[in-house]
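Chemist: Show me the folded form of this:
(chains A and B)
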Amino acid sequence: MRKKISASISLFLVLSSSLLFLFPAPSWAQKKDKEQLKADYKASPFYQGSSIGVEIAGIGGYLLGGDIMSSEILLQSNLKNRFLPTLEIGYGKTDVVNDANDMHYKTSAPYFRIGMDYNVFYLKPYLPGYLYVGLRYGMSSFTYDVSGPDMTDPNYGGTTVPFSYSGMKSKASWLEGVVGIKVRIYKRFHMGWAVRYKMRMSIDNHENSVPWYVPGFGKNASSSFNLTYNLIYNLPF
Amino acid sequence: MKRLPVIFCILALAGLLVPGCEVENCPPNALSYLHFSLVDQNGRTFNTSDTITIVGQTTSSDTLVSDTLINQEAAASSFSLPLSYDAYTQFVFIYHALDVGYVGRDTIRIDHRNIPYFTNLDCGSMMFYEITGTAHTHHRLDSITITNPNIDNNEKENIRIYFTVSGVEQ
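Modeler: Here you go, the predicted model:
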């Protein structure tokens, strides 16, 4: 049920932002010819402002009963309305027990991503938003605890071994490919969503475990997908 | 511009479907076994002509625990045997020839370090091992070598048991 609610909210957010882009107000739809657009682009200033945003899909999923809470603040600059260097600072945490086998995993830590977006529609500033592609390098340094029921020897009888490991340190780094849209909703306020394909580059494992959840990356695997939804404010400088 | 609605519909659909793609990767085999290979004096795998019964033994709370793991297997060339959660496990190989019956036994003792291991919240815990020492008798077998001391849920050879096989070209 929670997954259905979460999926419905994701659908609403994705479609609402997409529809704003697909059906812009008439004042936004002033088209100019290509030559004029190129001339305008060349004449445009190099630095065109910065923006700050917050990712809310991770918080939403957690409030709806998800096991993982993750959110981030993003800082982005706009260079020639084409290149958008981006810094994302976030925090991810989980403290979860699997009801089926009583395994417990706990971690919480900040994470960082740095990279750049590329505005595919940089020649069309009259649109209410834009489609972008981007790359990120992400990293997180974290400690995690894992515990579970005592292990009982299945072959030779009664010997039991406790299973509890705390404070294990790990570091992970990964690359992300990003595709998303950003649309204006009111004056300096924007919203947007992005699909991220994450490719793990490195992770520190322990003799007794591999991290199950990596803050900023998600569940530990060689790759993963996820969806982010941002509320963004364009700074007045 | 005409293609914009199509692009956005595809992206919206992708974004919607992505959260549903989560899969947990539990290993197909959650148990770890010690893998023995039987080889001749030249290191070539061979199928034993004896039938072999293998009894696993360990000492748990000062009590000897025995379990018959393999019962009169014929023409075997390898065995996968479980280790205990104690400090050592020993395997008694009991040989029977087809014509004369019981022909002897060997005991292989494996000292090991136990490594409880966690891979995934949904998959629970597993026990891995590191072989720290071996000892054995020499009634039918010649020698043993450790080819891989790390025992996990990957099926790979850990110990090679050498037998002298007559009629094998040197």
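Chemist: Tell me the helix or strand right after the biggest strand by length in chain B.
Modeler: In chain B, ranked by residue count with DSSP state E as the criterion, the top strand is strand B:101-120. Past strand B:101-120, heading to the C-terminal end, the next element that is a helix or strand (DSSP states H and E) is strand B:124-136.
Chemist: Whatever helix or strand comes next after that following strand: partners in the sheet, and parallel or antiparallel?
Modeler: Downstream of strand B:124-136, the first helix or strand assigned by DSSP H and E is strand B:141-146. Paired with strand B:141-146 in the same sheet, following DSSP bridges, are strand B:159-163 (antiparallel).
Chemist: Show me what the strand it pairs with is in contact with.
Modeler: B:34-41, B:43, B:46, B:48, B:108, B:110, B:131, B:134, B:140-147 (Cβ atoms under 8 Å, 6 or more residues apart in numbering or on different chains). Using the backbone N, CA and C atoms, a C-beta is placed for each residue, glycine as well.
Chemist: Could you turn the buried ones of the residues you listed into a ChimeraX selection?
Modeler: Per 16 or more other Cβ atoms under 10 Å in any protein chain shown, the buried members of these correspond to this ChimeraX selection:
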select /B:34,35,36,37,38,39,40,46,48,108,110,131,134,140,141,144
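Chemist: Model confidence score at residue 5, please.
Modeler: Picking chain A for this. Here the pLDDT value assigned to A:I5 is 49.
Chemist: ah, I was thinking of chain B
Modeler: pLDDT, read off for B:P5, is 53.
Chemist: Same check on B:L11?
Modeler: At B:L11, pLDDT is 57.
Chemist: how far does stretch A:84-94 sit from the chain's center?
Modeler: In terms of Cα atoms, centre = their mean, to the nearest Å, the centre of stretch A:84-94 is set 7 Å apart from its chain centre.
Chemist: Could you pull out the buried residues of that stretch?
Modeler: Buried residues in stretch A:84-94 (16+ other Cβ under 10 Å): A:L84, A:T86, A:E88, A:G90, A:Y91, A:G92, A:K93, A:T94.
Chemist: so, in contact with chain B or not, that stretch?
Modeler: No - if you take Cβ under 8 Å from any Cβ of the partner chain as the test, stretch A:84-94 misses chain B, and the best it gets is 9.3 Å.
Chemist: Give the rounded mean pLDDT of that stretch.
Modeler: 97.
Chemist: repeat for stretch A:182-201
Modeler: Stretch A:182-201 comes out at a mean pLDDT of 94.
Chemist: go on, stretch B:121-141?
Modeler: Averaging pLDDT along stretch B:121-141 yields 93.
Chemist: And stretch B:87-94, what's buried?
Modeler: B:Y88, B:T89, B:Q90, B:F91, B:V92, B:F93, B:I94.
Chemist: Can you lay out the residues you listed as a markdown table showing distance to chain A, pLDDT and secondary structure?
Modeler: Converted to a markdown table, the buried residues of stretch B:87-94 look like this (distance: Cβ to the nearest Cβ, whole Å; pLDDT from 0 to 100; DSSP: H, G, I helix; E, B strand; the rest coil):
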| residue | distance to chain A | pLDDT | secondary structure |
| --- | --- | --- | --- |
| B:Y88 | 11 | 94 | strand |
| B:T89 | 8 | 96 | strand |
| B:Q90 | 11 | 95 | strand |
| B:F91 | 12 | 96 | strand |
| B:V92 | 14 | 96 | strand |
| B:F93 | 17 | 94 | strand |
| B:I94 | 18 | 94 | strand |
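Chemist: now, the most widely separated pair of the residues you listed?
Modeler: Greatest spatial distance among these (Cβ to Cβ): B:Y88 and B:I94, at 19.4 Å.
Chemist: Just checking: what are the partner strands of the helix or strand in which A:V178 is found?
Modeler: When elements are assigned from DSSP H and E, A:V178 belongs to strand A:160-186. Strand A:160-186 has the following strand partners under DSSP bridges: strand A:129-152 (antiparallel), strand A:189-203 (antiparallel).
Chemist: Export these to JSON lines and append columns for mean neighbour count.
Modeler: Below are the strands paired with strand A:160-186 laid out as JSON lines (neighbours: other Cβ atoms under 10 Å in any protein chain shown):
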{"stretch": "strand A:129-152", "mean neighbour count": "18"}
{"stretch": "strand A:189-203", "mean neighbour count": "18"}
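Chemist: Distance to A:D117 added to these, as JSON lines?
Modeler: What follows is these, written out as JSON lines (distance: least, Cβ to Cβ, whole Å):
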{"stretch": "strand A:129-152", "distance to A:D117": "4"}
{"stretch": "strand A:189-203", "distance to A:D117": "9"}
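Chemist: Which secondary structure element of chain B has the lowest mean pLDDT?
Modeler: helix B:4-17 (a mean of 54; mean pLDDT, DSSP states H and E).
Chemist: next structured bit after that helix?
Modeler: strand B:34-39.
Chemist: where in chain A is pLDDT low?
Modeler: Filtered on pLDDT under 70, chain A yields the residue ranges A:1-32.
Chemist: repeat that with 80
Modeler: Filtered on pLDDT under 80, chain A yields the residue ranges A:1-32, A:158.
Chemist: cool, chain B as well?
Modeler: Where chain B drops to pLDDT under 80, the residues are B:1-30, B:61, B:98-99, B:101, B:165-170.
Chemist: Report the buried residues of the strand holding A:V178.
Modeler: A:163, A:165, A:168, A:170, A:172-176, A:178-185.
Chemist: and what of stretch A:121-130?
Modeler: A:F121, A:Y122, A:L123, A:L127, A:P128, A:G129, A:Y130.
Chemist: Looks like the third one contacts A:E35 (just checking).
Modeler: To tie it back to what came earlier, the one meant is A:L123. No - contact criterion Cβ atoms under 8 Å: A:L123 and A:E35 do not qualify, at 10.8 Å.
Chemist: As a check, name the ranges of all strands in chain A.
Modeler: Under DSSP E, chain A gives strands at A:47-55, A:68-79, A:83-97, A:104-119, A:129-152, A:160-186, A:189-203, A:213-214, A:218-219, A:223-234.
Chemist: Can you give me the buried ones in the second one?
Modeler: Burial within strand A:68-79, assessed by neighbour count using 16+ other Cβ under 10 Å, is assigned to A:I68, A:M69, A:S70, A:S71, A:E72, A:L74, A:Q76, A:S77, A:N78.
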